[in-house]
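Chemist: got a predicted model here, sequence first, then my questions.
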Amino acid sequence: MISRLYARWMDRWETELANRDTNRTRRPFEWGLDWLGLEDRNGDGSAYQEFSAWSSGFITRSFEFFGHRSPAGPRLEGGSLTFPSAIESPHVENNTVHAEYFPAPQAGGRAVLVIPQWNSEFESHLGLCRLLNRFGLSALRLSPAYHHRRMPPELTRADYHVSANLGRTVQATRQSVVDARACLDWLLDRGYTKLGILGTSLGSCIALLAAAHETRLRAAAFNHVSMNVGDVVWTGMSCRHIRAALDGRVTLEQLNRCWSVISPSAYLELLATRNQANLLVWAPYDTTFRAEYSRQVLDRFQQLRIPHDRVKLPCGHYTTGKFPFNWLDGLALARFMRRTL
């Protein structure tokens, strides 16, 4: 009885927090083949076949797809790092990578790349970086594609990173992964030899895609987990406006096939070949990364015998950012990184 009451209370709280955002824009459905360098030669009828074949092909060539280069001419002014992104988009603001640097005295070569959630505010995860400092770890908070100072002036939200334009969503995720790997290069150039990566929500997906293609990480923390980007967009409370644009144009199966190239499910076997320590954080009352999809990740890690720790937060997605759950989460992440780096 108590557990049912708690679940109802948590669901009401999650719903209240999700509904506070009133600036969500329902944008039209687009296959976005032009973002992939493809052409819809025969109309919408063949767009899905072209997209899904392209996505499947690049999964087998993922090191090429997520290939990166070291930052060209990085500039550190105060605590802000900038450098040109290796992926060029049509939006000039988005083509400069921004990251906030929090060096810790006597870090002993230990540093964590931190990647926040979708539509995060500029201040997001800066407190977590300061907490990592208190645990003796330096931190670098990356702004994902189309976030913070990378947002084009016509936007009030980071809509171009995840949207009903399927091709642009793929390209934005690819750009964020490539930028994350370039940030690891910069940290290495600063003398850090013990590197970790930590991502939350969308940042968790970006972190996992990066970690699967890296050999330089000692630790990776995935804060909220799900197998497929399509599942989250199709069922997540925070993505209802995107789902509305997808209805009648694409099925969930088709969406997952198109977005397989940017989904964790495609790379867990590759991740299993890495040597870093892993942390999976999930929440049973999550309304965005729903519990059934988080459990799929937990089960797959177990099946593949990927070494990992687990933390189950007694809350949901939005409520993770509220006291006391934000402290439980932050302390679990910081302790894990201190112990494994």
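Modeler: Ah, there it is.
Chemist: nearest residue to residue 262 in space, please, no chain neighbours.
Modeler: residue 173 (4.2 Å; C-beta to C-beta, 6 or more residues apart in numbering). All C-beta atoms are positioned from the backbone trio N, CA, C, and that covers glycine.
Chemist: tell me the secondary structure at that neighbour.
Modeler: What DSSP: H, G, I helix; E, B strand; the rest coil gives for residue 173 is helix.
Chemist: report the buried residues of stretch 262-275.
Modeler: 262, 263, 264, 265, 266, 267, 268, 271, 274 (16 or more other C-beta atoms under 10 Å).
Chemist: from those residues, pick the one nearest residue 140.
Modeler: Among the buried residues of stretch 262-275, residue 274 lies closest to residue 140 (C-beta to C-beta), at 20.3 Å.
Chemist: state the helix or strand in which the nearest residue to residue 190 once chain neighbours are set aside lies.
Modeler: Spatial nearest neighbour of residue 190, chain neighbours left out: residue 111 (7.6 Å); criterion: C-beta to C-beta, 6+ apart. Residue 111 belongs to strand 110-115 when elements are defined using DSSP states H and E.
Chemist: measure the most centrally placed residue in the chain to residue 246 for me?
Modeler: Nearest to the mean C-alpha position of the chain, by C-alpha atoms, centre = their mean, lies residue 203 at 2.3 Å. Plainly put, residue 203 is 23 Å away from residue 246 if you go by C-beta to C-beta, to the nearest Å.
Chemist: quick one: strands adjacent to the strand holding residue 111?
Modeler: Taking DSSP bridges as the criterion, strand 110-115 forms sheet pairs with strand 138-142 (parallel), strand 194-200 (parallel).
Chemist: following that strand, which helix or strand comes up?
Modeler: helix 126-134.
Chemist: and that next one with strand 194-200, angle?
Modeler: 150 degrees (axes from the mean of the first three to the mean of the last three C-alpha atoms, to 10 degrees).
Chemist: residue 108: what's it in contact with?
Modeler: With contact set as C-beta atoms under 8 Å, 6 or more residues apart in numbering, residue 108 has these partners: 136, 194.
Chemist: helix or strand for it, which one?
Modeler: Per DSSP H and E, residue 108 falls between elements, in no helix or strand.
Chemist: so how far is residue 138 from it?
Modeler: From residue 108 to residue 138 the distance is 10 Å (C-beta to C-beta).
Chemist: pLDDT below threshold where in this protein?
Modeler: Applying pLDDT under 70 to the chain picks out residues 1-2, 40-45.
Chemist: measure residue 294 to residue 222 for me?
Modeler: 10 Å.
Chemist: these two: which is more packed in?
Modeler: The residue with more neighbours, out of residue 294 and residue 222, is residue 222; 26 against 21, by other C-beta atoms under 10 Å.
Chemist: what helices or strands is the strand or helix carrying that one leaning on?
Modeler: Assigned by DSSP H and E, residue 222 falls within strand 217-223. Counting by 3 or more C-beta pairs under 8 Å, 6 or more residues apart in numbering; DSSP states H and E, the packing neighbours recorded for strand 217-223 are strand 194-200, helix 202-212, strand 277-282, helix 325-340.
Chemist: that strand vs strand 194-200, what angle?
Modeler: Going by the same axes, to 10 degrees, strand 217-223 makes 10 degrees with strand 194-200.
Chemist: and the helix or strand following strand 217-223, which residues are buried?
Modeler: Using DSSP H and E, the helix or strand that follows strand 217-223 in sequence is helix 229-235. Buried positions in helix 229-235, judged by neighbour count with 16+ other C-beta under 10 Å: 229, 230, 231, 232, 233, 234, 235.
Chemist: and of those, the nearest to residue 210?
Modeler: residue 229 (14.9 Å).
Chemist: OK, contacts around that closest one?
Modeler: 162, 169, 173, 205, 256, 259, 262, 263.
Chemist: secondary structure element holding the fifth one?
Modeler: Going back to what we said before, that points to residue 256. helix 252-258.
Chemist: with the second one instead?
Modeler: Residue 169 is located in helix 166-189, with elements delineated by DSSP H and E.
Chemist: who are the packing partners of that helix?
Modeler: helix 44-59, strand 80-84, strand 96-102, strand 110-115, strand 138-142, strand 194-200, helix 202-212, helix 252-258.
Chemist: and of these, who's closest to residue 72?
Modeler: strand 80-84 (5.7 Å).
Chemist: each with direction, which strands does that closest one pair with?
Modeler: Counting by DSSP bridges, strand 80-84 is paired with strand 75-77 (antiparallel), strand 96-102 (antiparallel).
Chemist: can you give me the buried ones in the longest one?
Modeler: Neighbour-count burial for strand 96-102, with 16+ other C-beta under 10 Å as criterion, is recorded at 97, 98, 99, 100, 101, 102.
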